[in-house]
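Q: Quick one: sequence plus predicted model below, questions after.
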Amino acid sequence: MSHWTRRNLLRGMMRGSAVVVGLPFLDLFLDGNGEALASGAPIPTRFGTWFWGCGVNTARWFPSQLGKGYDIKPELVPITPYRDKVSIFSNFNCNLDGRPNLVHWSGVMATMTGAAPLKGGVSGGTSELPTIDCLVSDHIGGGTRFRSLELACTGQSGVSYSMRAGSTVNPSEVDPVQLYRRLFGTDFQDPNKAEFKPDPSVMLRQSVLSSVKDDRDELLRSLGSADKQRVDQYFTSVRQVEQQLGQLLEKPAPAEACVVAREPGKAELGPTWDVAMRTHDLLGQLAVMALACNQTRVVNMALSIAGSNLRKAGDPVAFHELTHEEPVDEKLGYQPKATFFIERSMETFASMLKMMDGVKEGAGTLLDNSLILATSESNFAKIHSVDNLPIMVAGSAGSRWKSGQHISGNGDPSSRVGLTIQQVLGMPVTSWGDGAMRSSKPISEVMA
Amino acid sequence: MIAVSKFGRAASMGGVAAILIGLASLAPAEKVTAAAARPPEIALAPPGFRRLNEAQYIRSVEQIFGPAIKVPGRFDPPLREQGLLAIGDATVTVSATGIEQYELRAREIATQAMAGGNVNVPCAPAATDPFDAACARQVLGRYGRLLYRRPLADAELSAVVAIAGEAARVNNSFAKGLETGLSRLLMSPNFIFRVERSVADQLAPGGYRLEDYALASRISFLLWDSPPDEALLDAAARGDLRVPTKLERQVDRMLASSRYEQGVRSFFFDMLGYEQFRGLAKDQAIYPKFNSELARDAQEQTLRTIIDLLVTNRGDYRDLFSTRKTFVNRGLGALYKVPVSAAGVDGWAPYTFPADQPRGGILSLAGFLMLDPTHEGRSSPTIRGKTVRELLLCQPVPQPPPNVNFALVQDVTNPLYKTARQRLTAHQENPACAGCHALTDPIGLSLENYDAVGNFRTHENEAEIDATGTFEGKPYTGLTGLSQRLRESPDVPACLVQRAYEYGVGRPAAGGDADWLDYAIGQFASDRFRFSALMRRVATSPALASAAPPGPVTAALSYDYKRRIR
Amino acid sequence: MAFGRFDGGFSLRVVLAAALALATTLTGAQAAFAYIGPSYLRIEGVAGDAKPTAFAGWVRAESNYWTQRPELQEIRGIRDNKNDLLFTGSQAPAQGPNMLAISVDKGSPAAERLMALCRSGETIPALTYAESSDLARHPQEHGPAPHNVPAFYQYTLRQVHLACPVVAGAPEQAFALRFAAIDWLNYRPQPAPRPITAAPALTWPGHTSGARRTFAINWFAAAVDASPSQCPRLNTKPSEADYYSLLPRDEVAHEQEQHGTGVGIGPELMAFRGPNRMHVTLMPGIVADPGNQAPHSAAAPGFDLDLREGIDNQLLTVEGCVEGLKRRGFLPMIFNEGRAVGRPTALLEVSGIDDPQNDDEVFVTFLYSTDPLRRSPTKTVLSDYTFRVTVDPAFTQDFTRFRGRIANGVLTTEPAKLLHVHEVTAIETTIWQPRMRMQFLPDGRLKGLIGGYLDWRRRFTWQVFRASDYENTIGMQAPALYNALKRAADGLGDPLTGEFNGISAAFDIEGVPAFTPAKGNTQ
């Protein structure tokens, strides 16, 4: 199994066509607290989803300790370097409540749309509501060239967990060469060259706020001294928001980390492990550059379809078939061959984190300014269980998300994670989802 | 050594003695009515400035723009002060992130209101100009009055119309103008806060009273927990609220309204500390049936029980401590280990606990038994005792002194101390703790037959649980015994009266309120403890309508309220 | 392919592996196009030895399927909620030319005569074929057939050409009947499944005096989990070599080039490893018996059904060493996972209890509810929830009541006629002459055994439900299992033929305390 190590894969990738990672960000552009540029323009927040198929082994994946500095179980070892930037969610369920357990479909749709679907299966199905990436890109994706990017690593453009409600997916880009041309081809505009027009509707919002300040004097006249201070606090807050709006009227932060890569060489696509990994890392590097160059704010990566067809070259049986066929080794307590793919999947996720964390932005990195929701459709794929779904969120949305914790949902619907993400990204949602998956309870532990 | 307790106001170890005196029993009703022969004195407090809580904000918007409106965004958390969130609302303001949310919320609501045709525009803008100021003034004036809960002054309205005009021209759309005007109104502290004013009282030269619209709001939030409707605002405009008979007519109208039930729910939600259900967690390895759904159901069960007894059946408040009539759903049925009816599997169904079940009264329901955010893995007699003292008896319990060693209490594995009683007895050998634990533990320990989520149990760690206790010097056994004692205790109805009053005026009862409160407590007894009679009395009372001129707090409010011993 | 989720760019095998992998289906409603069990042929000049009076002198086939390459069987209830109360008519082709595959027991005299006819190469102008309308139903359909459906569908096949590849050591002879035309004699092609109805088997609540205890079933599976020590070797799934063994050399070369060697054979191909690429999970007798790994087992859980010496649980001797049938194996785990989501939840009600230790008459009623079991986040099934007893005729038709007694805390029942246990996404289990032995555990849960006889052919169909890929998933070879079941059959004897149609079995059953609504289902 030695030739499967990540190092070899990376080397393989470099031999293909490496993508140049951005130059270090020049700190002199930063103001004191390092979160906004001296211009006052804030660094944009990005969102992504990262999907892998066929779940985990509960006992080998979920930490036992809650909170920060959680313990790392064997299947999570690859994310060790990023533990402080990755939140783990356990005991968040897909509550079916009478709806069918559509194998390899219900679990992922529940987490992504906040609703258990009514039709579907291993090859896909319908979704009752739009997936979270669509909602987020509607909110933060406007003004960039691509509302979002969908990417899949096994050469199948149908593999995508981004859907508007219904049965058609937003198809994935599967070929690094095609993706490169779409992103950095002739239509590419350097974000730092484009000129900027302030938005009149923002100006209007500003003048509404300043008009609110007219209410102050009259209030102060009628109130006692203790209440006067509270009134003043209120208007101080109003002023602060007024200033924040002011920032939106200024030219946005230069995308200092934006460096256009060279076009990757042609490469074979497909579901064999080494090929898919190479594809993942190439697509990943390009996606990271697309984010750094403000071409998009939202990226969806699917390592494979939920009933994963990933397999080792020369091995007849794919990951999904293994989860069902392979005996649970009595001594080990898990399925060794299927578990190989679980462990490699986590290494691949770590590789995505590495790429994002390698791009410096402001005081932190691209990863710090993002939220990446990583999940799978099952807990234990052998029996298609959808309780205790494996869910991770990487990044901290520019310190609006308290990263690096392990949090238990006590059996709550997994839609709580998506609800929390939307609220942290400033979306005006008090509740999200449908039926037994509907939740109005954000996960306060992670909200800064 | 003075500390402010979570629910209670400042109290010292010295204060404990005073609290114990406060436990003396209520005089029989007739004595009180005798005492009530003369009109009670009323303390004058400066007008309040209270932030709408989340529910009040949402209900306001729905009441004004229709139920279809979705109110987005997050609200700053509520604050519990001296026993009530309603008192906390009068001490909080709005953070910058809070304003961000209010701003976004204001725009979303205004957009929905205009788009959904929920805004009544009785005039058409002049064709020539995208903006018709007169028409805008008419529309924004009407909704301004509903949102501010009072008519807008000319200058106020002009400022709003001006911004609407700006918006109309930028977007070349009258509707956009109105939309922006509405969001401007929704952003005003005059909407987000309940701004009270006091005015000179013509009837009492030199005297002050609460301005009519402010009184209308007090009444409406007391009875409905939502803003005045147009009828009440009109009554205020006519000065009706200063005419006792007309005031009573308004109050009776509101008590008869379907909104009254919501008002009662809101009051008990506050009095019973139910905001603690938000994010309540228990260790599911120990309590596998617990989840946030069950917590929500537990809260709902008690509120339904209260509404059924106090509103639907106009029952005696004290019966809340003994009634076996309640409502269950599937999750609660499993918790109590009883079958629910077919209807209860899908939703809620009425249920009466049979005599052989150890359940009766709201103390025996999960809504009380599991409501302890501070212990996830075990029940805490101290917290339960504290809850009974502070929430149901209005008897503040001091905070523990700093650096106490809780090792004995917390180690549930110690073979020497198998039950909570054994652990706490050992703990109380520390004299620094004994004083307060004497207030809480005897009550809490008698509830130990119910674990931290409300499961009934006879043993803890194989040791039989001793559930005996004494209350006001009278011995009893178990939860049923305690409930019976509470049902008899004069402090229970007295506390309800105090809370209802504090809830209405938005400040803690003070020494100067003693006269009126004692009077109201007596009247509550002669009203046979009917809750609606109490609400009616508070709503129509001169106490609720009184106010001092803005300025320093009067002496009458500077010392604590203690019920007088007669 | 539904949803257009695949755009190729890689080997067909992989597409199929993913798209047709276990527990999925992309096809629409579809019934059985094949079954294991008797069907009959009447051919001029070929005297058969079929016993049923209706088919006296006809040739009996042991298994059959229509068309040259049958699709995977549809699993109902996996892409949406399933409905058992359907009747799908014959799936025979509406017209020719097409093909019918049958297998005939080599031991029967008819086999030889058919071989002769086949070898003569002459075309048969017409023959009559009769297949059971009951066995030809989709295996997940359950409930009485409509009255106008004949017991046997009959067809005339015209211009029939026979092929009869010989496989040494195979217990049955495969025949491929290529026909130019087909006439349906007593049934019309039915475009879509027909809804049917069923009457409740009993009224609930019934017996009410005395105490009543209800349990929600959280485990039901055949008691066939032999210990590793009893299974020196487990059964294995078919290998690449098995697939190629009967193929002509040149085709082997061509296919190996197509799939690549060592890449293995996908489940959807693997089933076509019979002679002339005939389907071995639909006609498992047509290849040599690979042999079944049986457990070395002295003691077996179960009942003495026939009141002769010993416990009758022949199923254990057949399935004891099959990985996917062990307690932690695929089928028991996934079926019990499905059982937990309430489609339906099985309930067991013990009523008329006067003394929980010794009571000479109690009643045990097997019921269903569509209210799901509740589980803790750690997936332990929770006690004390209330379950409404369903009124859905799909389930009420199978309510079953047993008379029983309690002696020293052990509850045993008399046999009932049969017990039908529903599954969410699988072929369901019917137990003939079922009886129970159960105990109430101190923690309030229930644990016990149900014994009785299974139709061994249906049990086999259950194993190869998808008509192919369960061989991989549960780790066995259809031909081995088929022959082992046939050998071990020990009950439900057929008075006409004297052969056994049943195999003795025992099932583990476990439940948690539960309630049914206080006042029954009514308000």
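A: Here it is on my side, so go on.
Q: residues in contact with the nearest residue to residue C:275 once chain neighbours are set aside?
A: Closest residue to residue C:275 apart from its sequence neighbours, by Cβ to Cβ, 6 or more residues apart in numbering or on different chains: residue C:165 at 3.3 Å. For the C-beta atoms, the positions are set from N, CA and C on the backbone; glycine is no exception. By Cβ atoms under 8 Å, 6 or more residues apart in numbering or on different chains, the contact list for residue C:165 reads C:174, C:274, C:275, C:276, C:278.
Q: so where's the chain shaky on pLDDT?
A: All of this is about chain A. For chain A, applying pLDDT under 70 flags the ranges A:1-41.
Q: Switch to chain B, please.
A: Ranges of chain B meeting pLDDT under 70: B:1-38, B:126-128, B:402-403, B:553, B:564-566.
Q: Toward the C-terminus, what is the element adjacent to the helix ranked longest in it?
A: In chain B, with assignment by DSSP state H, the single longest helix is helix B:96-115. Of the helices and strands lying after helix B:96-115 in sequence (DSSP states H and E), the nearest is helix B:133-148.
Q: So what angle separates the directions of the helix or strand following that next one and helix B:133-148?
A: Counting by DSSP H and E, the next helix or strand C-terminal to helix B:133-148 is helix B:154-171. Taking axes from the mean of the first three to the mean of the last three Cα atoms, to 10 degrees, one finds helix B:154-171 and helix B:133-148 inclined to each other by 120 degrees.
Q: So what's the gap between helix B:154-171 and the chain middle?
A: 38 Å (Cα atoms, centre = their mean, to the nearest Å).
Q: Give me the helices and strands touching that helix, please.
A: helix A:200-212, helix B:133-148, helix B:174-187 (3 or more Cβ pairs under 8 Å, 6 or more residues apart in numbering or on different chains; DSSP states H and E).
Q: Is there any residue in the last one that contacts chain A?
A: It refers to helix B:174-187. Yes. Residues of helix B:174-187 are located near chain A by Cβ under 8 Å from any Cβ of the partner chain, namely B:180, B:183, B:184, B:187.
Q: can I assume the first one is in contact with residue B:161?
A: No. No contact is recorded between residue B:180 and residue B:161 when judged using Cβ atoms under 8 Å, the distance being 10.7 Å.
Q: out of those two, which sits in the busier spot?
A: Ranked by neighbour count (other Cβ atoms under 10 Å in any protein chain shown), residue B:180 and residue B:161 place residue B:180 first, with 31 against 26.
Q: Just give the closest residue to that one, not the sequence neighbours.
A: residue B:167 (3.4 Å).
Q: related to what we said a few turns ago, tell me the most buried of the helices and strands packed on helix B:154-171?
A: helix B:174-187 (a mean of 26; mean count of other Cβ atoms under 10 Å in any protein chain shown).
Q: Rounded mean pLDDT for stretch C:370-380, please.
A: Average pLDDT, stretch C:370-380: 85.
Q: hmm, who's touching that stretch?
A: Counting by Cβ under 8 Å, 6+ apart, A:91, A:93, A:96-98, A:385, A:387-388, A:408-411, B:284-285, B:288-289, B:291, B:330-331, B:334, B:345, C:216, C:218, C:339-345, C:381-382, C:385-388, C:390, C:392, C:395, C:512 sit against stretch C:370-380.
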